[in-house]
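>>> sequence below, structure please.
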Amino acid sequence: MIAAIFSISLGSCTTQSSGDAEVEAAIAAADAAKESAANTAGESEYADAMQSMPMGAVCWAAILEAVSSYGQRCITDESADFRAALDEARHRLDRKFLNSGWSEVRLSTFRRQMGEADTPEAELCSNADALGIYRETEKPGSEWLFKITDDLVSRPGPPEWGTCL
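Prediction:
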């Protein structure tokens, strides 16, 4: 497993790894996920890559919070069905976190930070990468969203970041 510290935002993801071998393993895993996604006809490359990575519940919650915030603040024609699915997936993760010892304050702070609540709307909404992540998360539909969420929520123990590249 890769020992890393992650800082996620809609516009960037940075890591500090504890060794070259771990970095190479992470790159190889990401490349394998990308190749697998490219070889799977009819599926979103992002969706396939997400399913094949050893991601943790905290990483997934951060992604969903970023996607949710972007949708609420920047997508004027956001699908009501996708919004409902996002809200339900976030609620399922919230229950996991709160039942694992996270406080309401910690959860609220996490959601605010990952959703970039303090980023000006014009800056957030002009981020092409954020729009791409939003659309690629929306594309596979709610069944995919719930499958990943429920798989991560069902893992025993406290929520972890896992690999979040």
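
>>> quick one, helices of this protein?
Secondary structure of the chain by DSSP state H: the helices cover 20-39, 45-52, 57-74, 80-99, 104-114, 121-125, 128-138, 142-153.

>>> got the angle for the fourth one vs helix 57-74?
What separates the directions of helix 80-99 and helix 57-74 is an angle of 140 degrees, with axes from the mean of the first three to the mean of the last three Cα atoms, to 10 degrees.

>>> give me the helices and strands touching helix 80-99, please.
The contact analysis (3 or more Cβ pairs under 8 Å, 6 or more residues apart in numbering; DSSP states H and E) places helix 80-99 against helix 57-74, helix 104-114, helix 142-153. In short, each C-beta sits where N, CA and C put it, glycine included.

>>> quick check: W161 vs A62, distance?
8 Å (Cβ to Cβ, to the nearest Å).

>>> quick one: which of these two has more around it?
A62 (24 against 18; other Cβ atoms under 10 Å).

>>> tell me the pLDDT at that one?
pLDDT recorded at A62 is 96.

>>> now do L10
According to the prediction, L10 has pLDDT 46.

>>> over to the one 5 residues further on?
pLDDT recorded at T15 is 34.

>>> wait, which of the helices and strands packed on helix 80-99 is closest to D81?
The minimum distance between D81 and those falls on helix 142-153, with 6.7 Å, by Cβ to Cβ.

>>> got a list of what L152 touches?
Shown in contact with L152 (Cβ atoms under 8 Å, 6 or more residues apart in numbering): M55, G56, A57, W60, L93, K96, P159.

>>> got it, and D81?
By Cβ under 8 Å, 6+ apart, the residues touching D81 are S142.

>>> one step back: just the buried members of the contacts of L152?
Among the contacts of L152, the ones that count as buried by 16 or more other Cβ atoms under 10 Å are M55, G56, A57, W60, L93, K96, P159.

>>> ok, the last one touching F97?
This means P159. Yes: the criterion here is Cβ atoms under 8 Å, and P159 meets it with F97 at 5.6 Å.
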